[in-house]
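Participant: Need the 3D shape of this:
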Amino acid sequence: MAEMMDGNMPNIKKWVVLYPVYINSKKTIAEGRRISVTKACENPTCAEIGDCCSHLKLPFAIEIDKAYPRDFMQIGRVRVLLKKDDGTFYNPAIPTRKQLMLRVAELVPRHPMRTKKQEPTSTSVAASSKSGKGGKKKR
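Facilitator: Down below sits the predicted model:
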């Protein structure tokens, strides 16, 4: 996805930066998490964040060569465009970075790659039902 970046891509320097650390429930605030643990998700990847952005109809670019300054072992970040040139939002439900982080963190656990991973054996089905946050979407 990195090849989209030059030429036909708009100036992504102006886009919002979303490091996976921001929404990682395994990180502390000091390590860079920016939303509450209850709303964050476990070890999100750039690919998952990108897929969530496309699901939310937001233009995004994955910068694989970038690292998180506070922990440079965290490679990769996602640039997201929230506003069109005329100032209107691509997704009116997501006007701010904060909303972006919350929505993406909510979507990542439902990512197809994750839902597949959880049920190779019959025992892990019990594991997926015990998460406290899972109850809401069953209705």
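
Participant: Going along the chain, name the strands of the chain.
Facilitator: Taking DSSP state E to define them, one finds strands in the chain at 16-18, 60-68, 71-80.

Participant: between the longest one and strand 60-68, how big is the angle?
Facilitator: This means strand 71-80. Relative orientation of strand 71-80 versus strand 60-68 (axes from the mean of the first three to the mean of the last three C-alpha atoms, to 10 degrees): 160 degrees.

Participant: what is the rounded mean pLDDT of strand 71-80?
Facilitator: Regarding strand 71-80, the rounded mean pLDDT is 92.

Participant: Only the buried residues of it, if you could.
Facilitator: By neighbour count on 16 or more other C-beta atoms under 10 Å, the buried set for strand 71-80 is 74, 76, 77, 78, 79, 80. The way it works is simple: take the backbone N, C-alpha and C, and place the C-beta from them, glycine included.

Participant: wait, isn't the fourth one in contact with residue 46?
Facilitator: Yes: look at residue 78 against residue 46 with C-beta atoms under 8 Å: they come within range, at 5.5 Å.
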